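Undergrad: give the three-dimensional model of this entry:
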Amino acid sequence: MKGYLQSLPVVGKIFLDVKPEEVWAFWRFMQDHFRTSVINKSSALEMQLVARGLEALGVQSKEFFLKNFTTTIGRRIYTPFEVGSPKGGWDLWHQVVICVHEHQHVVQHDREGLAYEVSYLADRAARANRAWTLTRPHADYAGRYLSDTLGTIDIGVSGQEMEVRAGVMHAIATPFTQPDSIRVELSPGQGWAIAFEMGANGPIGLSIMGERFTRA
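TA: Purely as a prediction, here's the structure:
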């Protein structure tokens, strides 16, 4: 939603937390330092082929793969957005966070070689194959959850997609292995489980990193 608001003509600048030119300059600096290139994911033939393969295997749909994930192979970073141009799901600050995250993959590739890419893609494929363990419709988990020490977590739901926000950090949730739980990467390369505390009529709270949040 934030990326969509930032992309609106005239009024979009009200919602900016960082300037488009600053985002572009940061990406340019990182590309120069790590010798990487940025490629539009949807227009890259190799990504189209990967997307079709994942869809054929039943891992995830072609459209979901192309629109919701940035993918790094070697020093080629495939983005589902134009750097410095906000859009739904890819606000400007998120683009900065993704830049750091993807360049971490470049460092890991340099350290571990092809074995890293194989293990990374295998891990993502395994997570993508997980089934949701939620015991109620996704919409029942939407809302605001409060903690006296860590603040607020907001969960928004659109169909089967759950977006989790904590301050400036946000992520699209994926299934986790325990009942009534989800997995999120609120910071680059770090996944956390969110476990919901269920009441008679749905979630009454959640726990993440050992901290309990009460539903507002």
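Undergrad: from now on I want contacts and neighbour counts done on CA atoms only, so please keep to that.
TA: OK.
Undergrad: now Leu150. Its backbone dihedrals?
TA: phi -110, psi 0 (degrees, to the nearest 10).
Undergrad: now it: closest residue in space, sequence neighbours ignored.
TA: Ranked by CA to CA, 6 or more residues apart in numbering and with sequence neighbours excluded, the top spatial neighbour of Leu150 is Glu211, at 7.9 Å.
Undergrad: just the pLDDT for the one you found.
TA: Looking at Glu211, its pLDDT is 88.
Undergrad: pretty sure Thr135 contacts Asp180?
TA: Yes: with contacts counted by CA atoms under 8 Å, Thr135 reaches Asp180, the gap being 6.1 Å.
Undergrad: the more surrounded of these two?
TA: More crowded of Thr135 and Asp180, by other CA atoms under 10 Å: Asp180, with 20 against 12.
Undergrad: let me see the contact set for the more buried one.
TA: For Asp180, the contact set (CA atoms under 8 Å, 6 or more residues apart in numbering) comprises 133-135, 195-197.
Undergrad: what's across from the residue nearest to Leu150 in the sheet?
TA: As for beta bridges, Glu211 partners with Ile208 under DSSP bridges.
Undergrad: what about it, distance to Ala56?
TA: Taking CA to CA, to the nearest Å as the criterion, Glu211 is separated from Ala56 by 40 Å.
Undergrad: again, but for Ala193
TA: Distance from Ala193 to Ala56, by CA to CA: 29 Å.
Undergrad: just Val97 next, same as before
TA: Separation of Val97 from Ala56 (CA to CA): 31 Å.
Undergrad: shouldn't Lys67 be within a strand?
TA: No: per DSSP: H, G, I helix; E, B strand; the rest coil, Lys67 lies outside any strand segment and is helix.
Undergrad: next, count neighbours for the closest residue to it other than its chain neighbours.
TA: In this structure, Lys67 finds its nearest non-sequential neighbour in Pro80, 5.3 Å apart by CA to CA, 6+ apart. Residues within reach of Pro80, counting by other CA under 10 Å, total 20.
Undergrad: oh, and call the first residue 612 from now on, that's how I've got it
TA: In the new numbering, first residue 612, that becomes Pro691.
Undergrad: Pro691 and Lys652 touch, don't they?
TA: Yes: between Pro691 and Lys652 there is a contact at 5.3 Å, judged by CA under 8 Å.
Undergrad: isn't Gly770 up against His749?
TA: Yes: using CA under 8 Å, Gly770 is in contact with His749, at 7.4 Å.
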